[in-house]
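Novice: This is the structure alone, sequence omitted:
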């Protein structure tokens, strides 16, 4: 069975600082991996996705993520955060063929001024 | 662009009553629609996956008797929470896409259910 672990329930960083949100997955095949963001009182928005090829994928608003197969990880990064990045971030994996998206528990990001 | 609208945005209902929520896809064909529930302080639980012209697949803890879903065409889906109780409260999200296997779904803003 597939699963996604986001070990940090909450992360606080200062505006302008760099960011890494951790995600590890468990899946027997080659996963499709995603990061979604949920802003306050809103639904989910896709930040970026990885299917194959270059393990570093670029997303919207300066976010990127790196797929490291040996580590079963897909951490999200941003070089310099902005106050508007405050939100909850969800890592997700798709089990191709099983038609199921599994979400991690989410990491709440707070940006300090 | 691709957009998904959900309504109502918020509903307050009495315990034991039902609530119907709708999901409208604009700008793309919503071949697959996934309904999720985000309970307070929790992640997203998949309720069911609906693909046009196929049977609706419910996850283990959810049933058609409790959460009947309609997906009559490529732009619309609805789900009803029947006989709602406190444990049914949460944000119900509709995610729609052309091919669920790509994993890329467009999500609505959700329908928040409060049960009194």
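Specialist: It's in. What you see is a predicted model; the values in this text were computed from it and never measured. Numbering: from 1, shown residues only, chains lettered A, B, ... in the order given.

Novice: residues near whichever residue of chain A sits closest to chain B, how many?
Specialist: Closest approach of chain A to chain B (C-beta to the nearest C-beta) occurs at residue A:94, with a separation of 3.3 Å. The way it works is simple: take the backbone N, C-alpha and C, and place the C-beta from them, glycine included. For residue A:94, the tally of surrounding residues (other C-beta atoms under 10 Å in any protein chain shown) stands at 24.

Novice: Averaged over its residues, which helix or strand of the chain has the lowest pLDDT?
Specialist: Since you didn't name a chain, this refers to chain A. The weakest-scoring helix or strand in chain A, judged by mean pLDDT, DSSP states H and E, is strand A:100-103 (a mean of 82).

Novice: Actually, chain B is the one I wanted.
Specialist: For chain B, scoring each helix and strand by mean pLDDT, DSSP H and E identifies strand B:106-107 as the least confident one, at a mean of 87.

Novice: Briefly note if that strand comes near chain A.
Specialist: Yes - in terms of C-beta under 8 Å from any C-beta of the partner chain, part of strand B:106-107 sits within range of chain A, namely B:106, B:107.

Novice: Return the list of helices and strands in contact with that strand.
Specialist: If you count contacts as 3 or more C-beta pairs under 8 Å, 6 or more residues apart in numbering or on different chains; DSSP states H and E, strand B:106-107 packs onto strand A:44-50, strand B:3-7, strand B:90-97.

Novice: Indicate each strand paired with that strand and its parallel or antiparallel sense.
Specialist: strand B:90-97 (antiparallel) (DSSP bridges).

Novice: report the angle between the axes of the partner strand and strand A:44-50?
Specialist: Taking axes from the mean of the first three to the mean of the last three C-alpha atoms, to 10 degrees, one finds that strand B:90-97 is oriented at 50 degrees with respect to strand A:44-50.
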